[in-house]
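Participant: Kindly generate the corresponding structure for this input.
(one chain, ligands or ions: 2)
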Amino acid sequence: MATAMPHQSFFKRFFSPDVAVDLGTANTLIYTHDNGVVLNQPSVVCFQKNASAGQERVAAVGKEAKQLLGRVPGNLEAVRPMRHGVIANFAAAEHMIRQFVDMSSTVPRFGRRASFTICVPAGATQVERRAIREAATAAGAWKVNLIGESLASAVGAGLPVSEATGSMVVDIGGGTTEVGVIALGGMAYSGSIRVGGDQFDLAIVNYVRNVYGVVIGDQTAEHVKKTIGTAIRDVPTERINATGRSLDDGLPRTVQLTNQDIADAIVSPLAQVIGAVKTALECAPPELVTDIAHSGIVLTGGGSLLANLDRWLASQLGLDVRVADEPLTCAVRGAGAASTLLHSHAFD
Ligand SMILES: Nc1ncnc2c1ncn2[C@@H]1O[C@H](COP(=O)(O)OP(=O)(O)OP(=O)(O)O)[C@@H](O)[C@H]1O
Ligand SMILES: [Mg+2]
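Facilitator: Ligands and ions are numbered 1, 2, ... in the order given. Coordinates of the predicted model:
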């Protein structure tokens, strides 16, 4: 016999299946209570222009579109709609969200529309927040709640967010680093800097140009970072070849990079990350800082996967630092679970 559901809950489930969305600079993830993470794709959309008709249509999104970044023929344009965690290209963001929602089948058939909880960086302005709401609504959301990315990440990392004890989470994404101090289900401090994995990649591009006289692409820099990147210089040497264009003669040239090269290249963005953590420790209420001294700091976001970043931060701060389990999905899983754990004032 089927179990009778309370009328209210049936009504809510039928008309507003809860969907959590992490609309990130690098990756977009969609999560539902019933199915977990149902979509995890690069935040990239590729348009095909039809010059004679003056129109453009979406040719590819996600992984397929990312492969086209920096290598598209004339009538195609690959766009990253998000920059520093907020919308940089509204039309592209709307198309991208719509396609991702279709791909994940989260907005069901028969006209039912989902209620979205979307992660936003603490530093997003009211205008940037409104743009995210409007893009999601245009893409089919029935209702949009916004939640701070570090609060969502803390929930997803399993930190005791509802307790009086303070916890610190540092989410290092593609375009932002968010530092949050959380206690009693709310943010006691939140800070956001516009530095993330993209700025690490850019620092690698600049380093290879200055030291080796070769211009490599962003994607090559990201590949090098993920393969041999390290936050600490004093580690056994690893090597990788990277091919770019020589500044001397404009011809393709391959250089061999070491992991020490990468540590040197990313000194400046790393210093900005640690600066943000130190500011948080200076500004958060003293009792909570005492708690953090005992419990340590948890890292989330893709940037936290940089080898030895936890060790480096721990040595600089004199605190325990650990990387959360599945750091790339913490924010979206946390946003999905937050509505059952947190008060409504945690949402915007
Ligand atoms: N193994 C790795 N080592 C170093 N960096 C990595 C690794 N894996 C992923 N990254 C980086 O993590 C970043 C993406 O992380 P994430 O998906 O958390 O960002 P995002 O949520 O899209 O961005 P944001 O939160 O800033 O809007 C990219 O810059 C990527 O290069
Ligand atoms: Mg993120």
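
Participant: Pop out the phi and psi values for residue 173.
Facilitator: Residue 173 adopts backbone torsions of phi -100, psi -150, taken as degrees, to the nearest 10.

Participant: Now do the contacts for it.
Facilitator: Residues near residue 173 by CB atoms under 8 Å, 6 or more residues apart in numbering: 24, 25, 26, 85, 149, 196, 197, 301, 302, 303. To be clear about C-beta, it is placed using only N, CA and C from the backbone, and glycine gets the same treatment.

Participant: Could you pull out the helices in this protein for me?
Facilitator: Residue ranges of the helices in the chain, as given by DSSP state H, are 7-15, 62-66, 90-104, 126-138, 149-156, 197-212, 218-228, 259-265, 267-283, 286-295, 309-317, 330-341.

Participant: any idea how far the closest residue to residue 204 other than its chain neighbours is from ligand 2?
Facilitator: Distances taken as CB to CB, 6 or more residues apart in numbering place residue 221 nearest to residue 204, at 4.1 Å, with adjacent residues excluded. Per CB to the ion, to the nearest Å, residue 221 is found 19 Å from ligand 2.

Participant: Run a quick neighbour tally on residue 221.
Facilitator: 26 (other CB atoms under 10 Å).

Participant: okay, it: pLDDT?
Facilitator: In this model, residue 221 is scored at 98, pLDDT.

Participant: Residue 197 is in contact with that one, correct?
Facilitator: No - counting by CB atoms under 8 Å, residue 221 does not reach residue 197; the two are 10.1 Å apart.

Participant: Among the helices of the chain, which comes closest to ligand 1?
Facilitator: helix 197-212 (1.8 Å; CB to the nearest ligand atom).

Participant: any idea which of the helices of the chain is most buried?
Facilitator: Comparing the helices of the chain by mean neighbour count (mean count of other CB atoms under 10 Å), helix 149-156 ranks first with a mean of 31.

Participant: quick revisit: could the helices of the chain go into a markdown table alongside distance to residue 189?
Facilitator: Formatted as a markdown table, the helices of the chain follow (distance: least, CB to CB, whole Å):
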| stretch | distance to residue 189 |
| --- | --- |
| helix 7-15 | 34 |
| helix 62-66 | 34 |
| helix 90-104 | 29 |
| helix 126-138 | 19 |
| helix 149-156 | 9 |
| helix 197-212 | 23 |
| helix 218-228 | 29 |
| helix 259-265 | 29 |
| helix 267-283 | 6 |
| helix 286-295 | 8 |
| helix 309-317 | 16 |
| helix 330-341 | 18 |
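
Participant: With respect to those helices, which exhibits the lowest mean confidence?
Facilitator: Among those, helix 7-15 scores lowest, with a mean of 45.

Participant: chain center to stretch 318-330: distance?
Facilitator: The chain centre lies 14 Å from the centre of stretch 318-330; the measure is CA atoms, centre = their mean, to the nearest Å.

Participant: same deal with stretch 196-216?
Facilitator: Distance of stretch 196-216 from the chain centroid (CA atoms, centre = their mean) equals 21 Å.

Participant: Pull the number of nearby residues for the residue nearest to residue 320 when sequence neighbours are not counted.
Facilitator: With sequence-adjacent residues excluded and distances taken as CB to CB, 6+ apart, residue 320 is closest to residue 296, at 3.0 Å. Neighbour count of residue 296, defined by other CB under 10 Å: 15.

Participant: Near ligand 1, which residues of the stretch 151-300 of the chain? Just list them.
Facilitator: By CB under 6 Å from any ligand atom, the part of the stretch 151-300 of the chain that sits against ligand 1 consists of 173, 174, 175, 176, 196, 197, 198, 222, 225, 226, 229.

Participant: And for the third one, the neighbour number?
Facilitator: To tie it back to what came earlier, the one meant is residue 175. Residue 175: 23 neighbours (other CB under 10 Å).

Participant: Identify the spatial nearest neighbour of it, chain neighbours not counted.
Facilitator: Using CB to CB, 6+ apart, the closest residue to residue 175 is residue 25 (3.2 Å).

Participant: The one you found and residue 85 touch, don't they?
Facilitator: Yes - using CB under 8 Å, residue 25 is in contact with residue 85, at 5.5 Å.

Participant: still on that earlier bit, tell me the one of the residues of the stretch 151-300 of the chain next to ligand 1 nearest residue 260?
Facilitator: Using CB to CB, residue 229 comes nearest to residue 260 of those, at 10.8 Å.

Participant: Return the residues in contact with the nearest residue to that closest one once chain neighbours are set aside.
Facilitator: Among residues not flanking residue 229 along the chain, residue 262 sits closest, at 4.6 Å (CB to CB, 6+ apart). Taking CB under 8 Å, 6+ apart, we find residue 262 in contact with 204, 224, 225, 228, 229, 230.

Participant: for these, which one is nearest ligand 2?
Facilitator: Ranked by distance to ligand 2 (CB to the ion), the contacts of residue 262 are led by residue 225 at 16.7 Å.

Participant: Verify the stated contact: that closest one with residue 197.
Facilitator: Yes - using CB under 8 Å, residue 225 makes contact with residue 197 at a distance of 7.4 Å.

Participant: Between these two, which contacts overlap?
Facilitator: Counting by CB under 8 Å, 6+ apart, nothing touches both residue 225 and residue 197.

Participant: how close does residue 40 get to ligand 1?
Facilitator: In this view, residue 40 and ligand 1 are 9 Å apart by CB to the nearest ligand atom, to the nearest Å.

Participant: All good on my end, thank you.
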